[in-house]
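Visitor: Need coordinates for the following:
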Amino acid sequence: MLCGKSPVKGGGGSTAAVYLNVYDLTAINGYAYWLGLGVYHSGVEVHGVEYAFGAHEDPSTGIFEGEPRLCEGFTFRKSILIGWTDMSATQVKVLMEQLAEKYKGNAYNLISKNCNHFCNDACIKLTANPIPNWINRLARIGFLCKCIIPVNLNSTKVGHKSHNNKVQDNAGEGVKKKLKSSSNSSSSSSSPPPTVAAASRSSLLAS
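Guide: Numbering: from 1, shown residues only. Below you'll find the model as predicted:
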């Protein structure tokens, strides 16, 4: 079973599958998941790369890339097929550069701008399909009724610790920005859909 609208495989030309990789941020998810709740980190996997959004103190992008389904410090839960994209790997990187203007590391907020918001935007641009509602439900509940979520949680920064994964200026191309890979990242709608079988290749963060 696929999420939301059924993703229709693009016709003609080469297409790439787009997966949402979901991670547990807390052991409580083991129970909350079955209630359609929980606190999750997610990343978008396409062309063998996982793109995610995390927090840091700088006003530069918080988008980073890494190895799919391997996120240090968090427990991989499932991979959900969102749809297919006609974008090449190069075009996807250009898209991430565009999203980088919106998703700055120091703008990260657990309630209003977290990794799941980023993944939703990226998935819509890649496939026209949103991510499942249950993945970011707690953030929406918190936005509507913040009294149920501790105030200090709103500013909690659940992000990737490395700053080597941000978009930086390319000296040879002026203001053009280029997404850099993590150098060593081998460590890392209403009802939850079943797990989509993981691809045969080796399979990464934060919210």
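Visitor: mind listing the helices for the chain?
Guide: In the chain, the helices defined using DSSP state H lie at 29-32, 89-100, 115-127, 137-144, 151-154.
Visitor: looking at those, which has the lowest confidence?
Guide: Sorting the helices of the chain by mean pLDDT places helix 151-154 lowest, at a mean of 49.
Visitor: Leaving out the residues flanking it, which one is nearest to A17?
Guide: W84 (5.8 Å; CB to CB, 6 or more residues apart in numbering). All C-beta atoms are positioned from the backbone trio N, CA, C, and that covers glycine.
Visitor: Distance check, the one you found against H117.
Guide: The gap separating W84 from H117 is 22 Å, by CB to CB, to the nearest Å.
Visitor: again with T26
Guide: From T26 to H117 the distance is 19 Å (CB to CB).
Visitor: Those two: who's more crowded?
Guide: When T26 is set against H117 and neighbours are counted by other CB atoms under 10 Å, the residue ahead is H117, at 21 against 12.
Visitor: wouldn't N116 be in contact with L138 here?
Guide: No: using CB atoms under 8 Å, N116 makes no contact with L138, being 9.4 Å away.
Visitor: Tell me which of those two has more neighbours.
Guide: N116 (27 against 23).
Visitor: tally of neighbours for the spatially closest residue to the more buried one that is not a sequence neighbour?
Guide: Sequence neighbours aside, N136 is the residue nearest to N116 in space, at 3.9 Å (criterion: CB to CB, 6+ apart). Per other CB under 10 Å, the neighbour tally for N136 reads 23.
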